[in-house]
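Engineer: structure of the sequence below:
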Amino acid sequence: MKATEELKKEHDGIELMLRVMSAISGKLAYGEALNTAHIDGILEFLSVFVDTCHHGKEEEFLFPALESAGVSREGGPIGVLLDEHEQGRKQVARLKQFVSAHQSGDPRAAVGIQDTIKAYVDLLSGHIAKENTVLFPMADARLDAKTDAALFEAFERLERERIGVGKHEAFHALLDELQDVYLK
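Structural biologist: Numbers count the residues shown, from 1 in each chain. Presented below is the predicted three-dimensional model:
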């Protein structure tokens, strides 16, 4: 499998989570209570799967490989995507704050959760589209088979060392559960 194919598969899971988050935001708008276990799982998914795993693969391995192949960081797609990664981290931190406030009984926090989910979903949806339609085709065109194989192995090593064996599968099980609850 090509390194970019692995990242695209991860995008599929992230997009599913974004749809779940939007559904939860809609339920919250109608006064439904948040399922704490689901929210905790979502926040872990965003921090660990999206940021540490997926964005980690891009920032530590793919982006430097593309820079070595002549793609500029400043004024180019890499710089834009790095900025969006940082914006996403800030949105997740805000979401955690609003969830905590909501769980502490702050009635205003529900609106903050909804607004932050919308902002995050909008950000990540556009971000994924840029990577799938611009960055990944660029990588496939510029990186040779040896570099691609090294990237794929680096991705696998990152998952083993930082995420842990079986955690990727646990996140997919969470996605399946949340899809059954919120999207059916």
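
Engineer: state the pLDDT value of Gly75.
Structural biologist: Listed pLDDT for Gly75 reads 88.

Engineer: what is the neighbour count of it?
Structural biologist: Counted with other CB atoms under 10 Å, the neighbours of Gly75 add up to 8. Heads up, the C-betas are built off the backbone N, CA and C, glycines and all.

Engineer: quick one, phi/psi of it?
Structural biologist: phi 80, psi 10 (degrees, to the nearest 10).

Engineer: next up, the contacts around the residue nearest to Phe63 when sequence neighbours are not counted.
Structural biologist: In space, and not counting its chain neighbours, Phe63 is closest to Ile78: 5.0 Å by CB to CB, 6 or more residues apart in numbering. Neighbouring residues of Ile78 by CB atoms under 8 Å, 6 or more residues apart in numbering: Phe63, Leu66, Glu67, Val71, Ser72, Leu135.

Engineer: correct me, but the fourth one touches Val134?
Structural biologist: So that's Val71. No: with contact defined as CB atoms under 8 Å, Val71 does not reach Val134; the gap is 10.6 Å.

Engineer: more neighbours: which of these two?
Structural biologist: Val71 (17 against 13).

Engineer: centre-most residue in this structure?
Structural biologist: Nearest to the mean C-alpha position of the chain, by CA atoms, centre = their mean, lies Val50 at 3.1 Å.

Engineer: surely it meets Ile14?
Structural biologist: Yes: counting by CB under 8 Å, Val50 touches Ile14, with 5.8 Å between them.

Engineer: shared neighbours of the two, anything?
Structural biologist: Taking CB under 8 Å, 6+ apart as the contact rule, the neighbours common to Val50 and Ile14 are Leu124.

Engineer: before we move on, back to that, tell me the secondary structure at the residue nearest to the centre of the chain.
Structural biologist: Secondary structure state of Val50, per DSSP: H, G, I helix; E, B strand; the rest coil, is helix.

Engineer: gap between it and Leu82?
Structural biologist: As judged by CB to CB, to the nearest Å, Val50 and Leu82 stand 15 Å apart.
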